[in-house]
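# quick one, what's the 3D model for this:
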Amino acid sequence: MWVLMSAAEREEFLAGVHVGVLSAATGPAGRTLAVPVWYSYQPGGLVTVLTGRRSRKAAAMRAAGRFSLCVQDDSPPYRYVSVEGSVVSEDELDPAERLAMARRYLGAAGGDRYVTDNPDPGRENVAFRMRPERWLSQDQGKGRPAR
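Numbering: from 1, shown residues only. Prediction:
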C-alpha cells in the first residue's frame, strides 16, 4: 500500500543522507539531464547541490532556472521524496561547506581525505540553492498492518 508522507515526514526524509537524482531541462524542448548528486537540506530550508561551475549540471540549472531532486530508500518498505523548485541562488562555494558535504556522505575521515585528494584551488565549485515548491512523496510502509 502506498501512502503519502506528511509534510514533517517528507522533510525529515529529505534531510537524511541519500544520494539524490537531480533533473533539469536542457537543450531542445523535451530533453532532460538526470544525474546522481550529493545534496544537503534542513527542514524548512533550501536544497543545496554542489557542482563544478562549468559542468553540464550547472549549465542546465542556470538555463532552466529550476531543477528537481528525487531521493529514495531502495529497500522495502520503499519510500521516496521528490522536490522541484526555482534556483534561488548560485553561490561561490565556501570550502567549509564543501568539507561538510563530503563528511555528510563519507564520514569525517573519508570526507577529509576526499577534499584533500580533490583540491579546488581555482574555486571551480559552486553551490546551487533551490526552495522546494512542489513535493511528491510516498511511503510503502505506512498503513501496513503490524506483524
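
# contacts only, for S68.
By CB atoms under 8 Å, 6 or more residues apart in numbering, the contact list for S68 reads L22, S23, A24, S82, V83, E84, G85. In short, each C-beta sits where N, CA and C put it, glycine included.

# surely it forms part of a strand?
Yes: assessed with DSSP: H, G, I helix; E, B strand; the rest coil, S68 lies in a strand.

# give the bridge partners for the nearest residue to G16 once chain neighbours are set aside, please.
Nearest non-adjacent residue to G16, counting by CB to CB, 6 or more residues apart in numbering: V71, 7.8 Å away. Beta bridges link V71 to V81 when assigned by DSSP bridges.

# quick check: the gap between V71 and V37.
Separation of V71 from V37 (CB to CB, to the nearest Å) stands at 10 Å.

# contacting residues around Y41?
By CB under 8 Å, 6+ apart, the neighbours of Y41 are E11, L14, A15, V47, T48.

# what does the helix or strand containing L14 contact?
Of the helices and strands defined by DSSP states H and E, L14 is found in helix 7-15. Residues outside helix 7-15 that contact it (CB under 8 Å, 6+ apart): 5, 41-44, 47, 71, 73, 79, 81, 83, 135, 137, 139.

# cool, stretch 98-110 as well?
Contacts of stretch 98-110 (CB under 8 Å, 6+ apart): 17, 19, 38, 40, 48, 50, 111-115, 120, 125.

# still on that earlier bit, let's see the ChimeraX selection covering just the buried ones among the contacts of helix 7-15.
Entered in ChimeraX, the line below selects the buried ones among the contacts of helix 7-15, by 16 or more other CB atoms under 10 Å:
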select :5,41,47,71,73,79,81,83,135,137,139
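
# measure the residue nearest the centre of the chain to L14 for me?
Nearest to the mean C-alpha position of the chain, by CA atoms, centre = their mean, lies Y39 at 3.7 Å. Noted for Y39: a distance of 9 Å to L14, by CB to CB.
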